[in-house]
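In: Provided below for reference: sequence and predicted model.
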Amino acid sequence: MTGDMRITIDTPPIEFFVHNHKGELVGGLSMTPTLVDVSEGVPWPVHLTDMDVVFRCYHFKTSVQARMHLGDLYILEAVLTDLACSRDRSFRFRTLEGNFGLRIWWCNMGSDIALKGSIPSEEQYDRACDVDPKSARDTILLRNVFELWQEPALLIEPCKRVSEVLSQIRRAGVEMVPEDVTGSG
């Protein structure tokens, strides 16, 4: 790669769906990477990735546009691959602006994978955890938190989507060396 560049991502969204006992769609989480800003002289894991994030539950929908590090997508692929094979892993990432956070982990009780998301991220909304938070007069604070569970086999498709995104970025000329990766969480 020579010079800075912007790579437009054109792949289907990374989706985690939830269906009820009748097989009807209840909702889910959709993450769509749209653009990668590649800066010359900067390690590839910290290149910035723009992403549209949408969470739906029945008729409720919330969305946010977010920026994350490319290295987090790389780690997400490895974590989803392990979880799809019922291997105990966990991962937490958040966007640079703090407007979205997601934690994924293995649950022994049901042999399921838990996904807990927050708009804004929990770190951005730390006052909600304070016993005696600083007053925020004249302000309304809103935080959407969602949890959903997936059986391991349902992670195969989201893992393929992450792989497609990373493949498209590689084809654009970004060399990704695994030893360079550190995640945001």
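Out: Here it is on my side, so go on. Note that this is a predicted model, so its numbers are computed, not measured.
In: Name the residues of stretch 146-156 that are buried.
Out: If you call a residue buried by 16 or more other C-beta atoms under 10 Å, then stretch 146-156 has these buried ones: Phe146, Leu148, Gln150, Pro152, Leu154, Leu155. Just so you know, the C-beta spots here come from the backbone N, C-alpha and C atoms, and that holds for glycine as well.
In: With stretch 81-97 instead?
Out: For stretch 81-97, by 16+ other C-beta under 10 Å, it's Thr81, Asp82, Leu83, Ala84, Arg89, Phe91, Arg92, Phe93, Arg94, Thr95.
In: Those in helices, which ones?
Out: Per DSSP state H, helices hold the following members of the buried residues of stretch 81-97: Thr81, Asp82, Leu83, Ala84.
In: can you pull the contacts of the last one?
Out: Meaning Ala84. Pro152, Ala153, Leu155, Ile156, Cys159 (C-beta atoms under 8 Å, 6 or more residues apart in numbering).
In: phi, psi of the nearest residue to it once chain neighbours are set aside?
Out: Nearest residue to Ala84 in three dimensions, chain neighbours excluded: Leu155, at 4.0 Å (C-beta to C-beta, 6 or more residues apart in numbering). Main-chain dihedrals, Leu155, degrees, to the nearest 10: phi -90, psi -10.
In: Listing partners with orientation, what would you give for the one helix or strand Leu115 maps to?
Out: Assessed by DSSP states H and E, Leu115 sits inside strand 112-119. If you go by DSSP bridges, strand 112-119 pairs up with strand 101-107 (antiparallel), strand 144-150 (antiparallel).
In: ok now the last one, how far from the chain's centre?
Out: A distance of 12 Å separates the centroid of the chain from that of strand 144-150, by C-alpha atoms, centre = their mean, to the nearest Å.
In: May I have it as PDB, with CA atoms only?
Out: Backbone C-alpha positions of strand 144-150 (Å, rounded to 0.1, in the frame of the first residue of the first chain) are rendered in PDB as follows:
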ATOM      1  CA  ASN A 144     -30.500   1.500  25.100                       C
ATOM      2  CA  VAL A 145     -29.200  -1.900  26.400                       C
ATOM      3  CA  PHE A 146     -30.100  -5.100  24.600                       C
ATOM      4  CA  GLU A 147     -29.200  -8.700  25.200                       C
ATOM      5  CA  LEU A 148     -29.700 -11.700  22.900                       C
ATOM      6  CA  TRP A 149     -28.500 -15.300  22.800                       C
ATOM      7  CA  GLN A 150     -27.500 -17.400  19.900                       C
END
